[in-house]
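J.: Mind looking at a prediction? Sequence and model below.
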Amino acid sequence: MEIFNPDSHIDFMGKRKVVAILLALVILVCLASLVMRGLALGLDFTGGTLIEVNYAAAPDLGKVRATLEKAGFEEAVVQSYGSPRDVMVRIAPRAGEAKLDSATLSNRVLDVLQKASTGKVEVRRVEFVGAQVGGELVEKGGMAMLFALIGILIYVWVRFEWRFSLGAVLATVHDTIFTVGFFSLFHIEFDLTVLAAVLAVIGYSLNDTIVVFDRIRENFRRMRTGTVAEVMNASINQTLSRTIMTSATTMLVVVALFFLGGEVVHGFSLALIVGILIGTVSSIYVASPLALWLGVTRANLMPVKRVEAER
């Protein structure tokens, strides 16, 4: 296949404007969703109680939700997980329920569900997170992402020319917005495991970008002819097989985790799947084109010749 040929000559830079427009539109959609809809924050961030119950027969989620609303739990989130007989109920903290511990609350919910069901209902797991703890996690999670981006900026700035550094950081920001925006757009729960996956995506995306940048720097010094765009094109083609094989092998593990890992790691693995896909694209069509548009030249990456003053 051509994509695995180290001597391939795919014109990536020639298509950069079209791809840039498409990616910009997608990012605008993600940003609009984040502003208008926000994130479906999990209990890790909002606080509240999570109750997992098991039914003898697969229940109607709509009826379960209506039953809880009738009992006073109007904002309860009900969804199935694992098997059709397993139901997860999330209850946000309320002023009237502030003094109830998780055991008392779960017993009330179980009692309501048991009365409305003809079969047996069992509690599998109960988890409680305080609202104050959730707020602290939101703040610390945001700071973790910010410090990660600042660290990347400093690292790449030291290792490469500043235009490449800015291109790498903007590509990483692009991947982060896309991944978080995906969860907002499809209203998928965003919890601590997803945040951990987003931080992992930042590192993964940077790794791909650094490999391409290293080859670009080498080719600037080896290829005496050719424009900047042609040197970048050649570098991306030379590292393409490595990029695809790395992404493919990582994706095999993550996809297996998504389908076989269970509900607990579902969001984590989904964020990695989205992040790996967009990170692979950004290492080709975001980082290098941004450096090109910022005006990087051959002279920026050529070694500086030291001229000793003549005595």
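T.: Looks like it arrived, so ask away.
J.: where does the protein dip in pLDDT?
T.: 1-8, 93-102, 129-135, 137, 299-311 (pLDDT under 70).
J.: the strands in it, which residues?
T.: 40-41, 48-55, 77-81, 83-91, 121-129, 189-190 (DSSP state E).
J.: can you redo the ones you listed as JSON lines with distance to T239 and mean neighbour count?
T.: C-betas here are computed from N, CA, C, even on glycine. Shown next, in JSON lines, are the strands of the chain (distance: least, Cβ to Cβ, whole Å; neighbours: other Cβ atoms under 10 Å):
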{"stretch": "strand 40-41", "distance to T239": "37", "mean neighbour count": "16"}
{"stretch": "strand 48-55", "distance to T239": "44", "mean neighbour count": "21"}
{"stretch": "strand 77-81", "distance to T239": "40", "mean neighbour count": "16"}
{"stretch": "strand 83-91", "distance to T239": "43", "mean neighbour count": "18"}
{"stretch": "strand 121-129", "distance to T239": "43", "mean neighbour count": "16"}
{"stretch": "strand 189-190", "distance to T239": "33", "mean neighbour count": "21"}
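J.: May I see these organised as a markdown table, with distance to V26 added?
T.: A markdown table is the format used below for the strands of the chain (distance: least, Cβ to Cβ, whole Å):
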| stretch | distance to V26 |
| --- | --- |
| strand 40-41 | 20 |
| strand 48-55 | 32 |
| strand 77-81 | 27 |
| strand 83-91 | 30 |
| strand 121-129 | 33 |
| strand 189-190 | 19 |
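J.: how's the protein carved up into domains?
T.: Domains of the chain are assigned by automatic domain parsing as 48-129, 133-301.
J.: Most tightly packed of those domains?
T.: Ranked by mean neighbour count, these are led by domain 133-301 with a mean of 19 (mean count of other Cβ atoms under 10 Å).
J.: could you list every residue that touches L110?
T.: I51, V53, V121, V123 (Cβ atoms under 8 Å, 6 or more residues apart in numbering).
J.: So which of the strands of the chain is nearest V231?
T.: Closest approach to V231 among the strands of the chain (Cβ to Cβ): strand 189-190, 40.1 Å.
J.: Quick check: can you name the pairing partners of that closest one and their directions?
T.: In the sheet, strand 189-190 lines up against strand 40-41 (parallel) (DSSP bridges).
J.: Touching the strand it pairs with from outside, list them.
T.: By Cβ under 8 Å, 6+ apart, strand 40-41 touches G134, V138, F183, S184, H187, I188, E189, F190, D191.
J.: returning to what we had before: which of the strands of the chain sits closest to P289?
T.: Short answer: strand 189-190, nearest of the strands of the chain by Cβ to Cβ, at 29.6 Å.
J.: Not counting its own residues, what contacts stretch 243-258?
T.: 3-4, 204, 208, 211-212, 265-266, 268-270, 272-273, 276-277, 279-280, 283-284.
J.: out of these, which are inside helices?
T.: Judged by DSSP state H, helices contain the following of those: 204, 208, 211-212, 266, 268-270, 272-273, 276-277, 279-280, 283-284.
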